[in-house]
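Peer 1: fold the following and give me the result.
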Amino acid sequence: MKPMNSRITKNTLLIGVIILLSAFQLTAPKKVNIVFIGDSITYGEHSDKLQPSVYALEYLKKKTGINLNQSNQGVSGRTTLDFLPGESDFNNTVKAADAFYADADAQLLFSIMLGTNDSAMKGTHGAPVSPQQYRDNLTTIVNELLKRYPNSKVIINDPIYYSPNTYNGAMYLQEGLDRLQTYFPEIETLVKGYEATHPGHVFMGDTEAFDDFRKDYKFALRPEQGRQGTFYLHPNEIGAKYLGMKWSEAIYKVLAK
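Peer 2: Now for the predicted structure:
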C-alpha cells in the first residue's frame, strides 16, 4: 500500500508542473535540442513509459511553446568511465550532438545523470569509483563537451536512491549506497568550479529526487529479484514521470536564465 506521507503522487506532479510553468519567461529560446547521458535509469529499457527524458520533454512542451527534441544516450550498466572521450558511448553521444549542433537556430543542452554504477562494489566498469575519480571523470566529460560545443549548456543531476540490498549482475549493497551519496558534494564542487571558468555553461541539476525516492521507493521503483532478495533500483512508470518532472525543472531554470 502506498505510504500516507508519500511525496511522489499525482498531486505532486501537477503542482510541480504548475510552479514550473508559472515562472516561464519569453526570453527562453524557441528551440532546444537535448542529449540525455546516463545509465539504465535514463535508458528506461527503451520504453517511453520508463524513460524520464520523455516526460521531461512532455512537461516542457505542453505549456511553454518551446520546440524540443531529445536524444536518449542512456546505456544500461554504464559508469562515468564509459563516457570518457574515446569510449564508444561517448562517440555515440558525439554523433547525436553533432546532428543537433548543426541546427544553428537551436540551443544544445546536455543533461547528465551518472553514478549509480560507479558506486557499485564490483561488477561494473571501474567499480568502485572513488569520489575524487568520479569528479575527475565528469570533469573530463564536460570539458570535452564544452570544447566540441562551445555554445552548449550542461546540467548535472544527482543520481537517485536504490535499496541497500541491490545485487543483480553487479554488487551494490549498503557500501555502494553510502558511496553514491559521497558523489553529491563532488558534483556541487565541480559545478561551482565551472561558474568561475565557464560562466553560464554548467549547471546544477536535480538534487531532490534521491531523498524522495528513498522515502517512497516501494511506490516509485520496480521490485526486482536479486541475490539478496527483492531490491529496488529502476523507476516504474510513476517514478519515471516524477524523475522527468525533476529534470524538466532543472532544464527550465537553465533556459529561463
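
Peer 1: drop to CA atoms for contacts and neighbour counts, all remaining ones
Peer 2: Noted.

Peer 1: same question for stretch 208-217, mean pLDDT?
Peer 2: Averaged across stretch 208-217, pLDDT comes to 98.

Peer 1: strands of the stretch 1-150 of the chain, start to end?
Peer 2: 31-38, 67-74, 107-113 (DSSP state E, counting those that start in this stretch).

Peer 1: redo these as TSV? Include mean pLDDT.
Peer 2: Converted to TSV, these look like this (pLDDT from 0 to 100):
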stretch	mean pLDDT
strand 31-38	97
strand 67-74	97
strand 107-113	98
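
Peer 1: pretty sure S88 is touching D82, no?
Peer 2: Yes: counting by Cα atoms under 8 Å, D82 is a contact partner of S88 at 7.5 Å.

Peer 1: which of these two has more residues huddled nearby?
Peer 2: D82 (19 against 12; other Cα atoms under 10 Å).

Peer 1: give me the neighbour count for A209.
Peer 2: A209, neighbours per other Cα under 10 Å, totals 21.

Peer 1: can you tell me the closest non-neighbouring residue to it?
Peer 2: Closest residue to A209 apart from its sequence neighbours, by Cα to Cα, 6 or more residues apart in numbering: I160 at 6.1 Å.

Peer 1: helix/strand/coil for P159?
Peer 2: Using DSSP: H, G, I helix; E, B strand; the rest coil, the structure places P159 in coil.

Peer 1: list the residues that contact it.
Peer 2: 113-116, 180, 210 (Cα atoms under 8 Å, 6 or more residues apart in numbering).

Peer 1: apply 6 Å and report the result again.
Peer 2: Taking Cα atoms under 6 Å, 6 or more residues apart in numbering as the criterion, P159 is in contact with 113, 115.

Peer 1: same for the helix or strand in which A250 is found, what does it pack against?
Peer 2: For A250, the host element (DSSP states H and E) is helix 237-256. Contact here means 3 or more Cα pairs under 6 Å, 6 or more residues apart in numbering; DSSP states H and E; on that basis helix 237-256 packs against helix 52-64.

Peer 1: thanks a lot, catch you later.
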